Every structure is written in structure tokens, then in C-alpha cells.
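# mind looking at a prediction? Sequence and model below.
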Amino acid sequence: MTMREAISSFVHDGDTVALEGFTHLIPTAAGHEIIRQGRRDLTVVRMTADIVVDQMLAAGCVSRLVSSFVGNSSAGSLGELRRRVEKADPEPLVFEEYSHYGMICRYLAGAQRLPFYPLRSYGGSDLPAVNEGLRKVTSPYPGPDDEPEQVYVVPPVNPDVTIIHAQRADRSGNTQIWGLTGVQAEAVYAADKAVVVVEEIVEDEVVRSDPNRTVIPAHAVDAVVACPRGAHPSFAQGYYDRDNAFYRAWSGISKDPDRLQAWLKEWVYDTADHAEYVSKLGEEFWDSLAVGEALSLPVNYGRRL
């Protein structure tokens, strides 16, 4: 599908939408298309809520955020998110906070259709006091002292749709990722529907030649979207580097609501699609993010003679 078709088909007002990618392969272009299509009242699930979430908030798309980290990727603050959490300006944001591992466990429970997932790391934490979703259950097995112990659990998350970005896929949706990965596979399996955005769609033979890079198999994917440079300002290993200058600039942009709305108008609303966004930045800009080759060694998978 095109990005416009995929978002129109799978993202609806009031949906729970997971956007995953950890520092690397962030589905920014998908977030921009959600903004263009004017989706409202979304619950966004994202382990590391960053610039794309700030932009979706400023566009009025998000009413609830489920996350374990909020920030501008070590480069500053998210102005829109801070205004909504700290001052309910221009309106409040419902924010469910978990730890990173707590979010992973929620995806694992969702992917396995479990009622909850146990973890120890909330013991001694202040998070249970602010998040009623963190609860304790009694283990059905004896503990170290032959007494049943209580452990924290988190509920599953089952998004209506999960959207991820990846390097490549075939037309069936077999999706390959290398470099820094996150919880893309778990988030896809936890969801009712899954949209995979890729730098390029390749022939089946390319995927079959290196099957161990297939992180998400075709049977879990509902739509594949070819969207080169669709992770900007994050990076796609082997395709382009991280735009550190943009991350540093975002704090200043998002701190001023008028400047933020002007940025959205120029770079999202006034661009027809991500291809126009890419073209507007210009080839000289993209040349500055170009990466050289760092090829892996060949792998002999072997075959019958």
C-alpha cells in the first residue's frame, strides 16, 4: 500500500496505536501521515516517546500516552508534552508510565495473549503509587522460604494497530531488520493489525538469501509501505545517519507553541506526503547524512547437493 492508504485503512479515531523503534528506525513518516489525516483521540503506545509523539500531540491526535520514557533523545525536552503534563495546556494528557522492562512485559503478554506478565523490578519503586495498572499477585509456587511470594505484574497491551519502520521487506511482508533493534516483533504480534514501513521492497530471493534477518514474518503483517528515508530524523542502519542537528533544534522549536505549529504547517500539513518532505530537505542535505559501506561477511547456509 501507499502510506496514505495504509493509515486510512488501519488507523481510526479512538484507536490504540503502537509506534515502535528504539532510537533506530522510528516510524516518523507514519506519524506525519496520521497528522495529515487528522486522526483524533488516539492512545499512543511507544516505549520511548520522543519527537514524533510530541508532533502528534501538537497536532491534536493523541489523548492518552503509554510510555516508559519521554524526552528528546538526550538532546533536550519535548515542549508540547511538557505543557500538557505540567500545565494541561492546551488540554491535559492522560499518561500511563511504566519502566522499559515493564513495557516489554506488556508487549510480551499481549503477543502471547496472556492476562498479565510477572516481573520483579517494581519492588521498592514509586511507580505503583502513580500507576494502578501495576499490581501484585501471589505466586502459586513456594518461594525461597517455602512460602508463596507476591510479585508485581503488568497487564497485556493489544494495540488496534502496530506500525514499525524497517530496512526492507518482500511484497509478502517478510521484514528484515539489522543494527539496533527494539520490541518490533513483540509489538507486531501483540496487535490486531500491523503496518510495516520499509526503506525498500526487495525481491523474495533477497530475503530468502539471508533468512535470519527476518525479524517479522509475512503472516503477522497486514500492509507493507515503501517509504525511503521515512525514519528521519532517526536513522536506518546502512541507509542514512541520524540527524543530530534536528534533535538539538527540536527543543527550541517545541518550546514555543506558535513556532511548533508553524513547523507542522510547513513540514507536515503543507507537504502532500513523505516524498515531498524528503524533496523539500534537498539532496545536499541527504548527502550530509550519507553512510559508507560496512558489509557483513558472507554466511554459508549450506544446501543439499
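Cool, got the structure.
# could you pull out the helices in the stretch 51-200 of the chain for me?
51-58, 79-87, 100-111, 127-130, 184-190 (DSSP state H, counting those that start in this stretch).
# just put these in TSV and tack on distance to Pro148.
All C-beta spots, glycine's among them, are computed from the backbone N, C-alpha and C. As requested, those are arranged in TSV below (distance: least, CB to CB, whole Å):
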stretch	distance to Pro148
helix 51-58	40
helix 79-87	38
helix 100-111	21
helix 127-130	20
helix 184-190	29
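# where among these is the average confidence lowest?
Comparing mean pLDDT across the helices of the stretch 51-200 of the chain, the weakest is helix 127-130, with a mean of 92.
# can you pull the buried residues of that helix?
Buried positions in helix 127-130, judged by neighbour count with 16 or more other CB atoms under 10 Å: Leu127.
# figure out which of the helices of the stretch 51-200 of the chain is closest to Asn72.
helix 51-58 (6.3 Å; CB to CB).
# can you give the domain ranges for this structure?
Per automatic domain parsing, the domain ranges recorded for the chain read 3-98+158-288, 116-154.
# before we move on, the earlier item: tell me which of the helices of the stretch 51-200 of the chain lies nearest to Asn158.
Comparing the helices of the stretch 51-200 of the chain by CB to CB, helix 100-111 comes nearest, at 4.6 Å.
# what's in contact with the closest one?
47, 66-69, 98, 114-119, 121-122, 127, 134, 154-159, 183, 185-187, 189-191 (CB atoms under 8 Å, 6 or more residues apart in numbering).
# buried subset of those as a ChimeraX selection?
Command for ChimeraX, covering only those of these found buried under the criterion 16+ other CB under 10 Å:
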select :47,66,67,68,69,98,116,117,119,122,127,134,154,155,156,157,158,159,183,185,186,187,189,190,191
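# good, wrapping up.
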